[in-house]
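> the following block contains a protein sequence and its predicted model.
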Amino acid sequence: MEPLEIAVRAAKKASKEILKHYDNFEIYTKEDKSPLTTADLAANEALVKELSKTGVKICSEESILGDDERVKEEQFWLVDPLDGTKEFIAQNDEFCVCIALIKSGRPILSVIAIPCKDEIFYSGGGKVVYRNGEILKPKDKTLNLFLMGKHGSSKKREEFAKKFGFEIKAIGSAIKFCRITENLASTYARLGPSSLWDIAAGDFLVEQSGGVTIDLTTMEKPLYNRPTLINNPYLVVDKNHVENLDKYLEFFKD
């Protein structure tokens with residue numbers, strides 16, 4: 001079985017585990033004060049069981065691969081068993097499963113499954129993205145939306161949306177990357193801290209659809225084998241707005 005096939009299967013199994021707990025779960029608090037549920041743990045167990053069949057090491061939010069190992073490993077799985085735990089707890093359906101295979105610091109395949117929507121997005125490269133088994137056809141026009149998360153706000157991001165004529169829409173978790181991949185939204189920026197597993201899968205899907213994710217500190221594509229679990233601020237742009245990327249980046253340089 002090919003790695004992408006295994007990853008898709010793993011995401012589907014994790015999704016099923018999450019839904020089993022949707023109406024009956026327990027909440028714990030991690031050392032960083034973030035919530036952890038029994039659904040996170042069940043999904044992580046399902047992912048690890050499937051992905052281990054590849055013989056490639058796994059870095060998961062619930063079973064972290066050490067900094068030195070991530071830097072040294074040529075390849076490793078980078079996964080978030082339940083991205084959007086707060087959304088899961090709020091039962092607003094805006095959470096997902098994220099899987100990316102990292103090679104030399106960049107993703108080479110990825111999967112995002114949205115359990116409550118029965119949607120699964122995946123790509124093994126070749127500038128092709130699949131949604132529920134069918135090739136996702138790019139659109140010539142994109143909804144003029146700038147995406148933000150549901151927790152916290154940012155004056156800088158609001159200024160960006162106003163300057164470039166975007167409407168603002170709040171969406172939870174890495175589902176934002178899926179909507180940009182579908183050309184249902186134009187841009188997304190995260191200026192506060194986030195973790196590597198939050199964006200690697202979405203980064204690859206957007207790239208394969210013709211868009212781009214840019215690290216606003218290095219002004220390059222993000223790397224996922226750095227000796228830290230925390231991303232720099234970043235900007236995501238869909239394929240129909242890439243022509244304006246330099247203008248967007250100039251705005252965030254300030």
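It's in. Residues are numbered from 1 along each chain as shown.

> this protein: strands as residue ranges?
27-29, 35-37, 58-60, 75-83, 96-103, 106-114, 119-125, 128-131, 134-135, 145-148, 167-170, 187-190, 212-215, 234-237 (DSSP state E).

> neighbouring strands - and their directions - for the shortest one?
In the sheet, strand 134-135 lines up against strand 128-131 (antiparallel) (DSSP bridges).

> out of the strands of the chain, which is the most enclosed?
strand 96-103 (a mean of 28; mean count of other C-beta atoms under 10 Å). Any C-beta I mention is one placed from the backbone N, CA and C, and that applies to glycine too.

> and that strand, how far from the chain's centre?
Averaged C-alpha coordinates place strand 96-103 at 8 Å from its chain's average position (C-alpha atoms, centre = their mean, to the nearest Å).

> angle of it against strand 119-125?
Put simply, strand 96-103 runs at 10 degrees to strand 119-125, going by axes from the mean of the first three to the mean of the last three C-alpha atoms, to 10 degrees.

> let me have the strands of the chain in TSV, extended by distance to residue 245 and mean pLDDT.
Below are the strands of the chain laid out as TSV (distance: least, C-beta to C-beta, whole Å; pLDDT from 0 to 100):
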stretch	distance to residue 245	mean pLDDT
strand 27-29	40	93
strand 35-37	35	95
strand 58-60	29	95
strand 75-83	25	97
strand 96-103	22	98
strand 106-114	18	98
strand 119-125	21	98
strand 128-131	20	98
strand 134-135	25	98
strand 145-148	14	97
strand 167-170	20	96
strand 187-190	10	97
strand 212-215	7	98
strand 234-237	6	98
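
> out of those, which is closest to residue 196?
Counting by C-beta to C-beta, residue 196 lies closest to strand 75-83 out of the strands of the chain; the figure is 6.0 Å.

> dump the strands of the chain into JSON lines; add distance to residue 10 as well.
Shown next, in JSON lines, are those (distance: least, C-beta to C-beta, whole Å):
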{"stretch": "strand 27-29", "distance to residue 10": "23"}
{"stretch": "strand 35-37", "distance to residue 10": "19"}
{"stretch": "strand 58-60", "distance to residue 10": "10"}
{"stretch": "strand 75-83", "distance to residue 10": "8"}
{"stretch": "strand 96-103", "distance to residue 10": "6"}
{"stretch": "strand 106-114", "distance to residue 10": "8"}
{"stretch": "strand 119-125", "distance to residue 10": "11"}
{"stretch": "strand 128-131", "distance to residue 10": "16"}
{"stretch": "strand 134-135", "distance to residue 10": "20"}
{"stretch": "strand 145-148", "distance to residue 10": "26"}
{"stretch": "strand 167-170", "distance to residue 10": "29"}
{"stretch": "strand 187-190", "distance to residue 10": "25"}
{"stretch": "strand 212-215", "distance to residue 10": "23"}
{"stretch": "strand 234-237", "distance to residue 10": "24"}
